Structures are given as structure tokens and as C-alpha cells.
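A.B. asks: just to be clear, the model below is a prediction. Sequence and coordinates:
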Amino acid sequence: MIILKQLILILMIIGGINWGLIGFFNFNLVSAIFGSMEIIERIIYAVVGLASLWGISFLFKTNHRS
């Protein structure tokens, strides 16, 4: 489960960096890497979006380990 959480965090960071690049520089890194492969681009956005939705659950879970 720890590996899954780390993967989700990495995907959320990648998504955040991409949105930052779009907002500040009008540069879409995913489009720049994958170019005209629209289906791949959409899959990446969907995976990052799902990871972000799952990441929301981390806010509401408490860690009971000492």
C-alpha cells in the first residue's frame, strides 16, 4: 500500500507541475512529449486525475502508527 501511495503522490506532483507550466508559461509538457498522440495524452490526464481523486482520501485518513 505504501508503494501505491507513493505512486499516487508522484502522479499528483507531475500533474501539478504540468498545470503550473500551463499557467505560468502556456506550455503543456504532456502535449510537448506526446505530440499528436491524443489518445495517450488523454490516458495520462485520466490516470493523473484518478490519482488525484484517490489522493483526496489521504487527507481524511489518520495514521495510527507510533
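C.D. replies: Nice, I can see it. Everything numeric here is computed off the predicted structure, so don't read it as measured data.

A.B. asks: tell me who's in contact with residue 8.
C.D. replies: 51, 54-55, 58 (C-beta atoms under 8 Å, 6 or more residues apart in numbering). All C-beta atoms are positioned from the backbone trio N, CA, C, and that covers glycine.

A.B. asks: out of those residues, who's the most crowded?
C.D. replies: Neighbour counts for these (other C-beta atoms under 10 Å) peak at residue 51, which has 19 neighbours.

A.B. asks: mind checking which helix or strand that one is in?
C.D. replies: helix 38-60 (DSSP states H and E).

A.B. asks: hmm, who's touching that helix?
C.D. replies: Everything outside helix 38-60 that qualifies as a contact, by C-beta under 8 Å, 6+ apart, is 5, 7-9, 11-12, 14-15, 18, 30-31, 34.

A.B. asks: buried ones in it?
C.D. replies: Neighbour counts using 16 or more other C-beta atoms under 10 Å place 41, 44, 48, 51 of helix 38-60 among the buried residues.

A.B. asks: ok, so of the residues you listed, who is nearest residue 24?
C.D. replies: Relative to residue 24, the closest of the buried residues of helix 38-60 is residue 48; by C-beta to C-beta it sits at 18.4 Å.

A.B. asks: need the max-distance pair from the contacts of residue 8.
C.D. replies: Across the contacts of residue 8, the longest distance by C-beta to C-beta is 10.8 Å; it joins 51 and 58.

A.B. asks: what about stretch 58-66, average pLDDT?
C.D. replies: The average pLDDT within stretch 58-66 is 71.

A.B. asks: my bad, stretch 18-28
C.D. replies: So the average pLDDT for stretch 18-28 ends up being 95.
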